[in-house]
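Asker: Based on what follows, work out the 3D shape:
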Amino acid sequence: MKMKITDIKATNLDIPYEAPYRPAWQPGLVRNSRDFTFVRVYTDAGIVGYAGTDGQHAGTIARSVAPYLIGQDAFATEQHARVLRHAGGMWCVDLALWDIIGKAAGLPLYQLWGAARDKVQAYASAAELGTPENRAELAVRYRAEGFRAMKLRFHQDQMKDDLALFDRVHAAAPDLTIMIDANQATTLPSPEPGPIWDYQRALQTARELEQRGAYWLEMMYEPPTRTIEVYQQLGGILESTLWIDEDGFVRPPAGPGLGVSVNEERIARFAV
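Answerer: Below is the predicted model:
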């Protein structure tokens, strides 16, 4: 089945937040709105694929993606990956192509991709560092809304202050599964300096979280320290789940091992 791409349109949006937003991974930064790119991919079958991404990339898509994809087969996603990669990773267009494919097939993508299950457990994620008191209030609210798990941010200078946040949330919602993201892999510009964990800070924090029953600890190293070998070392010591970042993880809940998702350079070297 072939379906020709007839046009690609991208629009830059500035979406206001209801309240000021202070991302934990950028200390001192206050955001009042979100930069967003809304993408539409049109086809000769009349099907339109929709997608979006953070940032404002309409100009890049118009210059570096649309001229090379218009007239091509919307189903040839692997063929188009090179264009999207060389355009700086405009994978939002890939999402729109898969929206087209799902609509053409009349199936949700999870069924096209294998359908091992028809539901997954969702968790609530707190993007701000917050205080022990307001994170506890948030945890109680999330639990009342039906969430069974929540991710908190650790980004205090002292480990004891991070752990105080965990303890307060756990006391407020004891049946809520808690995960931790230290956001050490982020290199985005920040008005204020943030804590940089070394091996001992990561190890000590992970041990404390093990004792408290945390489900996982994520992003506990900053590049270039954040290497597969360091995570292997921690994974050999700890029983808890350690997530590297969006690229992979060490010691999944199902059993020991090292898994890497889509980082091509690492896939060649490591496997579960």
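Asker: partners of the longest strand seen in the chain in the sheet?
Answerer: For the chain, the longest strand by residue count, based on DSSP state E, is strand 5-21. In the sheet, strand 5-21 lines up against strand 31-43 (antiparallel) (DSSP bridges).
Asker: Contacts made by the partner strand with the rest, please.
Answerer: If you take C-beta atoms under 8 Å, 6 or more residues apart in numbering as the criterion, strand 31-43 is touched by 3-17, 20-23, 48-58, 61, 69, 74, 92-93, 95-97, 99-100. In short, each C-beta sits where N, CA and C put it, glycine included.
Asker: now do 7 Å
Answerer: With C-beta atoms under 7 Å, 6 or more residues apart in numbering as the test, strand 31-43 has contacts from 3-17, 20-21, 23, 48-58, 61, 74, 92-93, 96-97, 100.
Asker: do the same with stretch 137-157
Answerer: Against stretch 137-157 from outside (C-beta under 7 Å, 6+ apart): 24, 27, 121-126, 128-129, 135, 162, 165-166, 169, 172-173, 176-183, 194-195, 215.
Asker: Emit the PyMOL select command for whichever of these are buried.
Answerer: To isolate the buried members of the contacts of stretch 137-157 in PyMOL, using 16 or more other C-beta atoms under 10 Å:
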select buried, resi 24+27+123+124+126+128+129+135+162+165+166+169+172+173+176+177+178+179+180+181+182+183+194+195+215
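Asker: What about the contacts of stretch 137-157, which are in strands?
Answerer: Using DSSP E, the contacts of stretch 137-157 in strands are 124-125, 177-181.
Asker: how far away is Phe38 from Glu145?
Answerer: Counting by C-beta to C-beta, to the nearest Å, the gap from Phe38 to Glu145 is 28 Å.
Asker: Show me which of those two is the more surrounded one.
Answerer: More crowded of Phe38 and Glu145, by other C-beta atoms under 10 Å: Phe38, with 17 against 8.
Asker: name the element the residue nearest to Val169 when sequence neighbours are not counted belongs to?
Answerer: In this structure, Val169 finds its nearest non-sequential neighbour in Ala139, 4.7 Å apart by C-beta to C-beta, 6 or more residues apart in numbering. Using DSSP states H and E, the element containing Ala139 is helix 132-144.
Asker: Can you show me the CA trace of stretch 178-191 as CSV?
Answerer: Provided in CSV are the C-alpha atoms of stretch 178-191 (Å, rounded to 0.1, in the frame of the first residue of the first chain):
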residue,chain,number,x,y,z
ILE,A,178,7.3,6.3,44.2
MET,A,179,10.0,6.7,41.6
ILE,A,180,12.8,9.3,41.6
ASP,A,181,14.4,11.3,38.8
ALA,A,182,17.6,13.2,39.7
ASN,A,183,17.8,14.9,36.3
GLN,A,184,21.6,14.7,36.2
ALA,A,185,21.6,14.0,32.5
THR,A,186,20.2,17.4,31.6
THR,A,187,22.5,20.0,30.0
LEU,A,188,19.9,22.8,29.4
PRO,A,189,20.9,26.3,30.4
SER,A,190,19.9,27.4,33.9
PRO,A,191,20.0,30.8,35.6
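Asker: ok, and what's touching it?
Answerer: 24-29, 123, 149-155, 166, 169-170, 197, 209, 214-223, 226, 245.
Asker: angle of whatever helix or strand comes next after the helix holding Ala139 against helix 132-144?
Answerer: For helix 132-144, the succeeding helix or strand toward the C-terminus, using DSSP H and E, is strand 149-153. Relative orientation of strand 149-153 and helix 132-144, computed by axes from the mean of the first three to the mean of the last three C-alpha atoms, to 10 degrees: 160 degrees.
Asker: If you tally nearby residues, what's the number for Asp161?
Answerer: Quick note: Asp161 (other C-beta under 10 Å) scores 14 neighbours.
Asker: helix or strand for Gly49, which one?
Answerer: strand 48-54.
Asker: Which elements pack onto that strand?
Answerer: Under the contact criterion of 3 or more C-beta pairs under 7 Å, 6 or more residues apart in numbering; DSSP states H and E, strand 48-54 touches strand 31-43, helix 91-105.
Asker: what about the helices in the stretch 101-250 of the chain?
Answerer: 109-112, 132-144, 159-172, 199-212, 228-237 (DSSP state H, counting those that start in this stretch).
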